[in-house]
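*Asks:* Next input, structure requested:
(2 chains)
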Amino acid sequence: MFQSTHDDMGTPAPLRIGGLVSLTVDGREVTVPENSSVMRAAALAGVKVPKLCATDSLDAFGSCRVCLVEIEGRKGFPASCTTTVEDDMVVSTRSDRLDDLRRNVIELYVSDHPLDCVTCSANGDCELQDVAESLGVENSRYGLGGESHRGADKDTSNPYFTFDPSQCIVCYRCVRACDDIQGTFALTVDGRGFASKVTSGQLENFMESDCVSCGACVDHCPTEALMEKSVIEQGLPERSVTTTCAYCGVGCSFNAELKGDTVLRMTPDKNGQANEGHACIKGRFAFGYATHQDRITKPMIRDSIDDPWREVSWQEAFDYTATRLRAIQDKYGANSIGGITSSRCTNEETYLVQKMVRAAFGNNNVDTCARVCHSPTGYGLKTTLGESAGTQAFNSVAQADVVMVMGANPSDAHPVFASRLKHRLREGARLIVVDPRRIDLVNSPHIRADHHLALRPGSNVAFINAMAHVVVTEGLDNREFIDQRCENEAWLKWRDFISGEQNSPESTERITGIPASELRAAARLFAEAPNAAIYYGLGVSEHSQGSTTVMGIANLAMATGNLGREGVGVNPLRGQNNVQGSCDMGSFPHELPGYRHISDPAVRNLFENEWNVQLLPEPGLRIPNMFDASIGGHFKGLYVQGEDVAQSDPNTHHVEKAMRSLECLVVQDLFLNETARFAHVFLPGSSFLEKNGTFTNAERRISMVRKAIKPLAGMEDWEVTMALSEAMGYPMNYSHPAEIMDEIARLTPTFAGVSYAKLDRLGSIQWPCNDEAPEGTPTMHVDEFVRGKGYFAITGFVPTDERATRKYPLLMTTGRILSQYNVGAQTRRTANSEFYSEDVLEIHPFDAEERGICEGDWCGVASRAGETVLRAVITERVQPGVVYTTFHFPSSGANVITTDNSDWATNCPEYKVTAVQVTHVTEPSRWQKEYREFASRQEQLLDKARA
Amino acid sequence: MQEVDHLVKMANQIAENFSFHDDAVERITDHLRKFWAPSMREKLIDFKQGESDELKPALREAINRLENT
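*Replies:* Numbering: from 1, shown residues only, chains lettered A, B, ... in the order given. You can find the predicted model right below:
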């Protein structure tokens, strides 16, 4: 078994660090921060105190009575975990008397513990076993007879781990991890004394309880009581590779633990700066997709989407692709092809794709999936603050006094950040939730929002303007901050605009549905807080005024002086792990890496010299424009890396028509996804476990992705792009992604100080990283904004065209569930589907009753764009007039309903507002029937290739 | 919806969102230059020449500027 690189200090570092305290432990002098525990001081002195209930990620508990010590001048044997250091303290951790006491305790534990160490799956990774061995305990003088828990039934209900009560020593570590770290409070100890037993929920099994399968209990269990099934089945891992999760924008650091070339488990990295040892069900357990049988590991080509696929060599695939793309350009012009980068791919991969498009394709028709999620964040924050990025590190929330969560559902979509947030809320921070739907944060164990402002979909701008109106008209603005940090002329104009009666809560109430008095109270709470922070998600950006709302959020933060220090800020919660990175890398058609406009001759010249090619000075097509141009007949070739536009983009009918209109669609992916069904070339992708590179998370943190296993198809994604570029006549010569990062650093001022060597040394780096900030920048805009003075943007409310009508009287909005991820390509191929196996339609009881719809009924959901059928879940989570669904399963057709309305500034689709009618139906929609037929036909064409 | 219909809709949206500014025409023009591919701008110019009344006045003026530069 490999050794963990993390030494457990037993108790956490003290929160309040004042002076230093010097003491002696077993004759060793040590100086530690005051308020440290004796156990921690001993660990820092190199002395390991035996322990069971203590671990440095949890507050001291003092229950196991194993970590006893002797302290000169004190009576008794205090527990070292709960005893605080004092100057000149003299501590002894080993003595015959202490060992006798410990042995006695361990014998008591062992008397009710199976003595099956040799066959136990935790053999070699069990803290009870370690302590027993260190004390020479091989048996128990209390015997093994009588009443015991050794025969207790094992709970195997969770697909990923088991709970074996017979192995449990009731140390409470799992309970405390669930409470203090995860914040779910799903576990408890039932009974007293000898009858004490850890239990999930109300004596339910794990699957039936509130457990969210984050794995924290398993991580913290010192025995085999909570253990991964993969380890039980295959044994303990032998080696570990530290890498970065491939799911959401939190970007957790994980140790991929392997036996041979098999990944047995992913354990959260305690040294990971984004997650500090915590995880969620997706990152912790849902990695099996990487070796799923659906993986395609051989390149395939076909002339028409009605033809069977033909497996070919890599070189034949590259030559075929290049020939077809060049033929298209010859026929339709240089601008007739383009590429799409992915936020699921590394910085280096997205950088190469945009480079290939600009340099080899010879145009700027490159875009990224951030187009359909956070492009308004880029526009809004660049306009107001000067940089297209969030302003804080995640740990900044620990300093926040008031948190406003708007259009985001972190418990489901960014669970590890949600745990941090909940921790701060339990400490007393106040919470404002702005969401049409009652998300978990509104009312969950030990968390209750001060205000849930359940606004109507489509009214974000009216809401954020009303908040600012209250701040300005009630004199709650931070004039000193505004005078020093913001453009005066813009401030004065904005102040006049925002003070207008049309922005008052009383006026906007009819638009937002939020009672004016409650909005005023929320605004006062926010403005009067010493530190107020805003966290937002796609419920802000995916609107026809997404960019306007982002600017409104920045306005509110500036007006209240909540920028430029810890505990405050504007924090976009990015959907995918590398949304920030893919944008940083120049994936947008109008920008080169570092958000520099393609029309700037000096910037262009920099890249032209490095790339030895002339670049076009005009923006290229964005994804929706590519689709329109495809249907229009003048865009005919598309290279899509790691994206599934046919499922994820709105108005499926339109997207499918665009796909069918292409003469050469090249898809590089792990699976034959929905887009690949329309493809002519399939290039096998490599999962995050199979390659090297970096991801940049929502806090601008660049983290290493390290290869744990060889790429199943033989090539890493960056190598595939490089080879395709060479086939297109533009060779690139990198031998490792580190060289790509070096090029990025040479060309991008905010990345100037980034290198793989530095990333290895520091663990991760938050950009900007350059001469001024050689180790990165956790908090942005500290002394001045990136643009110099902050800019108050005028944010007039323009209602969306998508309004409820007599024909379509309900407004549908969309979101995610904890266990599934985006289009579900990864999570649907794991046991996560046991938690959520189909998209459903949430509908309010009033709306359901009016339509004669009962729980579980099939509902026809029709919009101007299309119609699909979903099963009904009747719930008061949604307000009357609003329905909600997720988009994780292709056959659900959620995006058959969403329209091609989009953000005015960026074209980001308006997923969050679709006027629909819901009716009780008895069969799938026409689209669903056609989809099944088409998907089945494409599977057959794939099977022929594989046969 | 045809490609040009989308473009007109998007351009009108841009015009409407900049309508709160005194220099709306300049902002619309700048936005179309910065974020729209030349082929999209050309289609908009062609559409304007068709004398349709679907274009908002400030947008029409912005297109004139695009046409003349």
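*Asks:* what ranges of the chain fall below the confidence cut-off?
*Replies:* Picked chain A for this. A:1-6, A:145-146 (pLDDT under 70).
*Asks:* Actually, chain B is the one I wanted.
*Replies:* B:1.
*Asks:* Swap in 80 and give it another go.
*Replies:* For chain B, the stretches flagged by pLDDT under 80 are B:1, B:51-52, B:69.
*Asks:* Quick one: name the residues of it near chain A.
*Replies:* Counting by CB under 8 Å from any CB of the partner chain, chain B comes close to chain A at B:1-3, B:6-7, B:10, B:13-14, B:16-17, B:19-21, B:31, B:33-40. In this view, the C-beta of every residue, glycine as well, is placed from N, C-alpha and C.
*Asks:* Using ChimeraX, define a selection of the buried residues within those residues.
*Replies:* Provided next is the ChimeraX selection string for whichever of these are buried by 16 or more other CB atoms under 10 Å in any protein chain shown:
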select /B:3,6,7,10,13,14,16,17,19,20,21,31,33,35,36,37,39,40
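*Asks:* Just the residues of chain B next to chain A: which are in helices?
*Replies:* Secondary structure from DSSP state H places B:3, B:6-7, B:10, B:13-14, B:16-17, B:31, B:33-35, B:38-40 of the residues of chain B next to chain A in helices.
*Asks:* quick one: contacts for residue 19?
*Replies:* No chain was given, so I picked chain A. By CB atoms under 8 Å, 6 or more residues apart in numbering or on different chains, A:G19 lies in contact with A:P33, A:E34.
*Asks:* The chain in question should be chain B.
*Replies:* When contacts are counted by CB under 8 Å, 6+ apart, B:S19 touches A:G796, B:K56, B:A58.
*Asks:* Likewise for A:E772?
*Replies:* Here A:E772 is in contact with no residue (CB under 8 Å, 6+ apart).
*Asks:* so which helix or strand takes in it?
*Replies:* Applying DSSP states H and E as the criterion places A:E772 outside every helix and strand.
*Asks:* A:T162 belongs to a helix, doesn't it?
*Replies:* No. Counting by DSSP: H, G, I helix; E, B strand; the rest coil, A:T162 falls outside a helix, being strand.
*Asks:* Let me know whether it touches A:C221 as I believe.
*Replies:* No. Assessed by CB atoms under 8 Å, A:T162 is found out of contact with A:C221, at 10.8 Å.
*Asks:* what residues are shared contacts of the two?
*Replies:* Joint contacts of A:T162 and A:C221 (CB under 8 Å, 6+ apart) are A:M227.
*Asks:* Those two - which one has more neighbours?
*Replies:* A count of neighbours by other CB atoms under 10 Å in any protein chain shown puts A:C221 above the other of A:T162 and A:C221, at 25 against 21.
*Asks:* and that one, what are its phi and psi?
*Replies:* Backbone torsions for A:C221, taken as degrees, to the nearest 10, come to phi -70, psi 130.
*Asks:* give the contact list for it.
*Replies:* Applying CB under 8 Å, 6+ apart, we find A:C221 in contact with A:R173, A:C174, A:M227.
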